[in-house]
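Q: Provide a 3D model corresponding to the input given below.
(chains A and B)
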Amino acid sequence: MTTLTHLQRLEAEAIHIMREVVAETEKPVMLYSVGKDSSVMLHIARKAFYPAPPPFPFLHIASGWDFQALLDHRDRTAKEYDLELLVEHNDDGAAAGINPFDTGSSLYSQTMLTDPLKAALTRYGFDAAFGGGRRDEEKARAKERIFSFRSASHRWDPKNQRPELWKLYNARKNKGESIRIFPLSNWTELDIWQYILLENIDIVPLYYSAPRPTVERDGQLLVIDDDRFRLEDGEHSVERSVRFRTLGCYPLTGATESEADDLPAIIQEMLLATSSERQGRAIDKGQGASMEAKKQEGYF
Amino acid sequence: MTDTPTVYRPEALVADDIDAYLDTHQHKSMLRFITCGSVDDGKSTLIGRLLYDSKMIFEDQLAALENDSKVSGTQGDAIDFALLVDGLAAEREQGITIDVAYRFFATEKRKFIVADTPGHEQYTRNMATGASTADLAVILIDARKGVLTQTRRHSYLAHLLGIRHIVLAVNKMDLIGYDQAQYDAIVADYTAFANSIGIAEFTAVPISGLAGDNIASKSSDTPWYDGATLIEHLETVEISVDARQQGAFRMPVQWVNRPNLDFRGFAGQIASGTVKPGDKVRILPSGKTATIGRIVTFDGDLDQAVAGQSVTLTFNEEVDCSHGDVIAAADNPSGTADQFETSIVWMDEAPLLPGRAYVMKLGTQTVSATVATPKYQVNVNTMEQMAAKSLELNSIGVAEITTDRRIAFEPYNDGMNGGRDLGGFILVDKLTNATVAAGMINFALRRSQNVHWQNVDITREAHAAQKNQRPRLLWFTGLSGSGKSTIANLVEKRLHAEGKHSFLLDGDNVRHGLNKDLGFTDTDRVENIRRISEVAKLMTDAGLIVLTAFISPFRAERKIARDLMADGEFFEIHVDTPLSVAEERDVKGLYKKARSGELQNFTGIDSPYEAPENPEIHIDTTAMSAEEAAEMIVDHILGNGAAQ
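A: This is a model prediction of the structure:
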């Protein structure tokens, strides 16, 4: 008897889910944030349909305040694997002066992340979108289905979720409605890292520690990724060895001081860490149930 | 109180030798289990404790937890582990868990996925959901309360969903002073019940989720207990997907991979058994045979693949095989059938409608299926079989199901041969797309057993009974342009979706054939309606629900039609649109032609319309939409027991 390891089982499950979506929906898309979870999803998508290429495009919502290294990684990956890459950006929001420095984080993320996502899904007519969300990230996500329904206005109704039994996913929906699919629902952060190590998956270098220009603000270490970063009075750039556990818009994503510059060191640090992953993101702060509220509004 | 903890302490290994740690972790297996019990039995507390003891709680979460515990906790200033697990905002306020939440933790030996399923009586569907993917069930009992109604319900459901490993966790032992006699009494009580429903084995553990007794480490307060701790037990029970490798090979085909003309592969996740190149397989339901050519994966071709793996298979022969088919061992294939006895858990607010067509999904097969009137419903408190005409939300029953074509299947309880993947199914409502039920195939009905040849003529009643409906004639009457055909069409669509057998007679399908020799004189109009009435009557004799949509302006002809039918079978439906409104719509431009004299004998202009005096149904089209009218008619027809 061969005992499958938990990673083999999680991978087989994710492949099963991706194939179900391709078999049962009309126009799927994979949301590609270029982060580590997205990188794992992309890797599994290449496995699921091999020797065919993944039969769907990859959509990146670019806020305009993305790390440059992330954009470089995105373009290099798309070219290397010959992906159909779609990039969506809210030009109107940017023109109206919405930015992470002056705009509140809630309005900013709604305007530059959630709105363009919804706009792109509607404009291209995607009826299914893969996301990299995991149930271990946040309490609201622990209860979300793997196939999660969205109304025509992209809202999530946590009270009205379809029961999911065995590995039977009901993908039937009315016109205008769509599904968000989370193939990595049952993975933990450690699983993701271990899989990246095991499968030798190329990830954005920002996850590895390196000397970077930083500034300390509101208890967070921010990296000055380009010259749009405004230093406030008394602030000045300090070079520190830092890395990121999660990648969002650069002015809103806190780095951690670290010397971990390879995967075992990152995993070691993660396992010994005392703060959970999303703490680095300003967007999740506020009252306990705020992620649930954002999800209801259409945030991924 | 606990002894020196044998709790998993990964920090030392992580800090000293990360590579060794990663190697250990990489080879862990995975066990999925559910926890279930009544409200206040301490499920959430237990899970919170498991996360805490296995170091899956980070410090910021712990800080938030301590804070939350003071504000809304139930443990005074102590940590309320339940708050760590209870997720959605509404639930937090109510203080009860109302959905299935999945949690993760790991020990030195295994990774675990826990489905936290609700104990609240009305949420049986969530428990079934959590149980469907679980290898093991932890049934929690409050030691002060003993075996309750909910305990029975959850045990029955866990057993029904084929969970082989049951753990009886007698919780809150600290609150009964770790009293062995009380514990033994509870275990004896549960044993009697478990045996009565066919649970042959279970493992009982005395615990305290709050104090940590016998969770990760042995409690010094229960010296009389010599069994394993809860975690030890979870670390050592058999994992069902591994056991399934011993069964016969089955793989439902999810997707046909055709990147180019030279490659044709069949993608799926293996439900049971193993497969190797050269193996003879049978493709179901067609029954054609083929030989496995390659087992293709991104990481290279495999020499062998086993249950649980997602792979792509190729055949040496050119054989038809598509999405929904099952590839099975040629010498030991799955059965195929189109009638089954099934156990059903109803999960929707709207009850089961026997005879109605639902979408059925089993494995990767999607078919249309009708459920017969249940043989019985199970009272989950007493396990009594009770007569039932339908199944309501959270009820469990046994009923026969007929699919519109043969499907490959396994009895659900034949887990070794892929029963979970090929015997479990969901039913989906065709109109709302909601998942309304989960079911399990008990066995297929053999045609020879099921068809009873009777030495009698096939009567009108027999025709109708076969269709599970009563014959009806829905006679739509109204002015030209009143909306008769539109509404009749919508009514028929809804009837069709409800699984009813119907036929719509209208100008299009009658005037061009049967009645093409008739014009529009009064005599011809009467003959037209007479023929339509007779055809409709024949169709109702065949058991159909017939809809007619003709102006039929004269009371007398409509009475002829009515008199042909038995009492209660004729429904006159007046689609009432004022002449001015119909003339203004003038969809076909007929009123204009009639006004200009181009058309003679036009109803409402130069020929009378005799409105019904006492129609069974009156539709005011100025007050409701066609959809609303159709809904009202269908409710009226089906709601008064007419078509059932």
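
Q: which stretches of the stretch 101-250 of chain B aren't confidently modelled?
A: Scanning the stretch 101-250 of chain B for pLDDT under 70 picks out B:118-123.

Q: For it, what lies in contact range of chain A?
A: B:101-104, B:106, B:110-111, B:113, B:125-126, B:128-129, B:132-133, B:239, B:241-243, B:245-246 (C-beta under 8 Å from any C-beta of the partner chain). Where you see a C-beta, it was placed from the backbone N, CA and C, and this is true even at glycine.

Q: among those residues, which are in helices?
A: B:R125, B:N126, B:A128, B:T129, B:S132, B:V241, B:D242, B:A243 (DSSP state H).

Q: Count the residues that sit near the residue of the stretch 501-644 of chain B found nearest chain A.
A: Across the stretch 501-644 of chain B, the shortest distance to chain A (C-beta to the nearest C-beta) belongs to B:E627, at 14.4 Å. Number of residues near B:E627 (other C-beta atoms under 10 Å in any protein chain shown) recorded here: 12.

Q: wait, it sits on B:K493?
A: No. Counting by C-beta atoms under 8 Å, B:E627 does not reach B:K493; the two are 10.3 Å apart.

Q: Can you show me the helices along the stretch 51-200 of chain A?
A: In the stretch 51-200 of chain A, helices defined by DSSP state H, counting those that start in this stretch lie at A:68-80, A:91-95, A:105-109, A:115-124, A:139-142, A:189-199, listed in chain order.

Q: Report the buried residues of the last one.
A: I take that to be helix A:189-199. Judged by neighbour count (16 or more other C-beta atoms under 10 Å in any protein chain shown), helix A:189-199 contains these buried residues: A:E189, A:L190, A:D191, A:I192, A:W193, A:Q194, A:Y195, A:I196, A:L197, A:E199.

Q: of those residues, list those near chain B.
A: A:L190, A:D191, A:Q194, A:L197.

Q: Spatially central residue in chain A, please.
A: The centroid of chain A falls nearest to A:S33 when counting by C-alpha atoms, centre = their mean (4.8 Å).

Q: Spit out the contact partners of it.
A: A:H60, A:I61, A:G132, A:L247 (C-beta atoms under 8 Å, 6 or more residues apart in numbering or on different chains).

Q: what about it, helix or strand, and which?
A: Of the helices and strands defined by DSSP states H and E, none includes A:S33.

Q: now swap in B:Q469 and tell me
A: Using DSSP H and E, no helix or strand contains B:Q469.

Q: hang on, it packs against B:P354?
A: No. Using C-beta under 8 Å as the test, B:Q469 is too far from B:P354 to be in contact (10.6 Å).

Q: higher neighbour count, the two?
A: Each of B:Q469 and B:P354 has its neighbours counted (other C-beta under 10 Å); B:Q469 has more, 24 against 19.

Q: so how far is B:K280 from that one?
A: Distance, B:Q469 to B:K280, by C-beta to C-beta, to the nearest Å: 46 Å.

Q: which parts of the stretch 351-500 of chain B sit against chain A?
A: Applying C-beta under 8 Å from any C-beta, one finds that the stretch 351-500 of chain B approaches chain A through B:359, B:361-362, B:364, B:420-421, B:424-426, B:428, B:433-435, B:438.

Q: 6 Å instead, please
A: B:K361, B:G424, B:I426, B:V428, B:N433, B:T435, B:A438 (C-beta under 6 Å from any C-beta of the partner chain).

Q: can you point me to the longest helix in chain B?
A: Max-length helix for chain B by DSSP H is helix B:522-541.

Q: continuing past that helix, what's the next helix or strand?
A: Helix B:522-541 is succeeded, C-terminally, by strand B:545-549 (DSSP H and E).

Q: Mean confidence (pLDDT) on that following strand, please.
A: What strand B:545-549 shows for mean pLDDT is 94.

Q: With just CA atoms, put it into CSV.
A: Taking C-alpha atoms only, strand B:545-549 is exported to CSV below (Å, rounded to 0.1, in the frame of the first residue of the first chain):
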residue,chain,number,x,y,z
ILE,B,545,-51.6,17.6,-19.0
VAL,B,546,-52.8,19.3,-22.1
LEU,B,547,-52.8,23.1,-22.7
THR,B,548,-54.8,24.7,-25.4
ALA,B,549,-54.3,28.3,-26.5
